[in-house]
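**Student:** below: sequence and its predicted model.
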Amino acid sequence: MIPLNASNVIFQNFNQNENLILKVTKSSFLPTKIKKSSISIINSSNIIDGFEFYLCFDKKILNNINLKNKKIILLEDKFSYLDEGDIIRINLMDKRVKVLFRKKSKNNSFLVTEKCNHYCLMCSQPPKNINDEWIFEEINKIIPLIDKKTEVIGLTGGEPTLQKQSFLKLIKNFSNFLPETKIHILSHGKTFQDIKFAREFSDFSNYNTVIGIPLYSDISNIHNYIVQCENAFDETIRGIINLKKLGQIVELRFVIHQLNFDRLEKFAEFVVRNLCFVDHVALMGLELMGFARANIDDLWIDPFLYKDNLSAAVNTLSLNGINVSIFNHQLCTLNSDVYEFAVKSISDWKNDFLPNCSNCKKKLECGGFFSSQLLRPSEHIKPFQ
């Protein structure tokens, strides 16, 4: 796992209290204006002049160079992966640093809001009814700093679309500053049943923006119970239809657990009959965080026990020309006929393996575990020899 949050950070020569958003650099050939929003890495006995902020990972280096009146942030060595083009937030009041963007990573995402009008039984980010408009404002400040060649950025929540105008402004900024970047949005899809909003979103979004929408059963009552919201199934379907009418890319997401695993094949048949126009279906393993951990006894099922259901669903979708993937599963818990559909989908900062996976011949191909999943892994984890 890769650490993203640093606490008890050592700050030298700082006198301001506000948060700072800074882009990491090793370069000395930057315009003065860009240097003001950058932080220079000190990794030798030399220091690059012209910067207001400096970043160091080794206290010994600080003792060997003249840093009088320089604003220095000292992080632990485990953060020395920070490199050119990465972006960090500095919280001077709490003496914390958070890594917001990593240029070399394909797992960059932004939590847009903690608000949500669903209360999914397995939600890994339980909703909070708070004023977090500042998050939209912060992301809008970050967007111009992001490398223009970034392949993909995720937007998560909460429900990103609840604050409609703030969300649309965010999407417009991504389109303006990062027109070639794939923006992958996780949304319950209900807001898009408002055709006016759906059209505005379509007008502002990149050509390759993807909306990942959860649909947890082919039976409306099951889906509504899982998301703890009456009429959610019908409203989500209307949102999906509106998005596809407008030419948007839609991904369906089915998180598998004890309450719906036996509907997998019927769900696949439902999609083939009624939603065959979607662009991708992701059949996903459970992340044991937030509400999922609180409801673990009601939700947890060993993936090995539903592997036949999963194979049937995958084959039904694939044979009918629907793009399908398996997310968040270990290869040894799957039938061999669906290995090719299994994707390494867990973000690197929360991806882990069991000790007995170390000698597995398929480890590099395997999706591994969420770090939280090690709390209750499958009883059928067996390294390939």
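**Tutor:** Received the coordinates, thanks. Residues are numbered from 1 along each chain as shown.
**Student:** least confident secondary structure element in this protein?
**Tutor:** Scoring the helices and strands of the chain by mean pLDDT, DSSP states H and E places helix 59-62 at the bottom, with a mean of 78.
**Student:** packing partners for it?
**Tutor:** Helices and strands touching helix 59-62, by 3 or more Cβ pairs under 8 Å, 6 or more residues apart in numbering; DSSP states H and E, are strand 71-74. Where C-beta positions appear, they are placed from N, C-alpha and C, glycine not excepted.
**Student:** what's in contact with whichever helix or strand comes after the strand it packs on?
**Tutor:** Per DSSP states H and E, strand 71-74 leads on to strand 87-91 as the next helix or strand towards the C-terminus. The contact list for strand 87-91, computed with Cβ atoms under 8 Å, 6 or more residues apart in numbering, reads 19-24, 39, 53, 73, 82, 96-101, 138, 142, 145-146.
**Student:** ok, now stretch 290-302?
**Tutor:** So stretch 290-302 is contacted by 119-126, 256-259, 261, 286, 288, 333, 372, 375-376, 378-380 (Cβ under 8 Å, 6+ apart).
**Student:** which parts of stretch 212-223 are buried?
**Tutor:** Going by neighbour count (16 or more other Cβ atoms under 10 Å), the buried part of stretch 212-223 is 212-218, 222-223.
**Student:** in the least confident helix or strand of the chain, what counts as buried?
**Tutor:** 61-62.
**Student:** how about the residue minimising distance to the centre of the chain: what's its closest non-neighbour residue?
**Tutor:** Taking Cα atoms, centre = their mean, the centroid of the chain lies closest to Ser109, which sits 4.5 Å from it. Among residues not flanking Ser109 along the chain, Gly154 sits closest, at 3.2 Å (Cβ to Cβ, 6 or more residues apart in numbering).
**Student:** tell me which stretches of the stretch 1-150 of the chain form strands.
**Tutor:** Using DSSP state E, counting those that start in this stretch, the strands found in the stretch 1-150 of the chain span residues 5-6, 10-12, 20-25, 38-42, 53-56, 71-74, 87-91, 96-101, 109-111.
**Student:** dump those into a markdown table; add mean pLDDT and distance to Asp132 as well.
**Tutor:** Converted to a markdown table, the strands of the stretch 1-150 of the chain look like this (pLDDT from 0 to 100; distance: least, Cβ to Cβ, whole Å):
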| stretch | mean pLDDT | distance to Asp132 |
| --- | --- | --- |
| strand 5-6 | 95 | 18 |
| strand 10-12 | 88 | 26 |
| strand 20-25 | 96 | 16 |
| strand 38-42 | 93 | 25 |
| strand 53-56 | 92 | 26 |
| strand 71-74 | 91 | 25 |
| strand 87-91 | 96 | 15 |
| strand 96-101 | 97 | 15 |
| strand 109-111 | 97 | 9 |
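**Student:** distance to Asn356 added to those strands, as CSV?
**Tutor:** Below are the strands of the stretch 1-150 of the chain laid out as CSV (distance: least, Cβ to Cβ, whole Å):
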stretch, distance to Asn356
strand 5-6, 29
strand 10-12, 39
strand 20-25, 37
strand 38-42, 38
strand 53-56, 38
strand 71-74, 38
strand 87-91, 36
strand 96-101, 30
strand 109-111, 30
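**Student:** pLDDT at Phe277, what is it?
**Tutor:** Note on Phe277: pLDDT of 98.
**Student:** assign it to helix, strand or coil.
**Tutor:** coil (DSSP: H, G, I helix; E, B strand; the rest coil).
**Student:** OK, contacts around the closest residue to it other than its chain neighbours?
**Tutor:** Of all residues not flanking Phe277 in the chain, Lys244 sits nearest, at 5.2 Å (Cβ to Cβ, 6+ apart). Residues in contact with Lys244 (Cβ under 8 Å, 6+ apart) are 250, 277-278.
**Student:** of those, grab the buried ones for PyMOL.
**Tutor:** The PyMOL command for the buried members of these (criterion: 16+ other Cβ under 10 Å) is given here:
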select buried, resi 250+278
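**Student:** can you redo the contacts of Lys244 as JSON lines with distance to Lys196?
**Tutor:** Compiled in JSON lines, those are given as follows (distance: Cβ to Cβ, whole Å):
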{"residue": "Val250", "distance to Lys196": "19"}
{"residue": "Phe277", "distance to Lys196": "22"}
{"residue": "Val278", "distance to Lys196": "23"}
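**Student:** which stretches of the stretch 1-150 of the chain have low pLDDT?
**Tutor:** Where the stretch 1-150 of the chain drops to pLDDT under 70, the residues are 45, 64-67.
**Student:** now the helices: where do they sit in the stretch 51-200 of the chain?
**Tutor:** Using DSSP state H, counting those that start in this stretch, the helices of the stretch 51-200 of the chain run over 59-62, 133-142, 164-177, 195-204.
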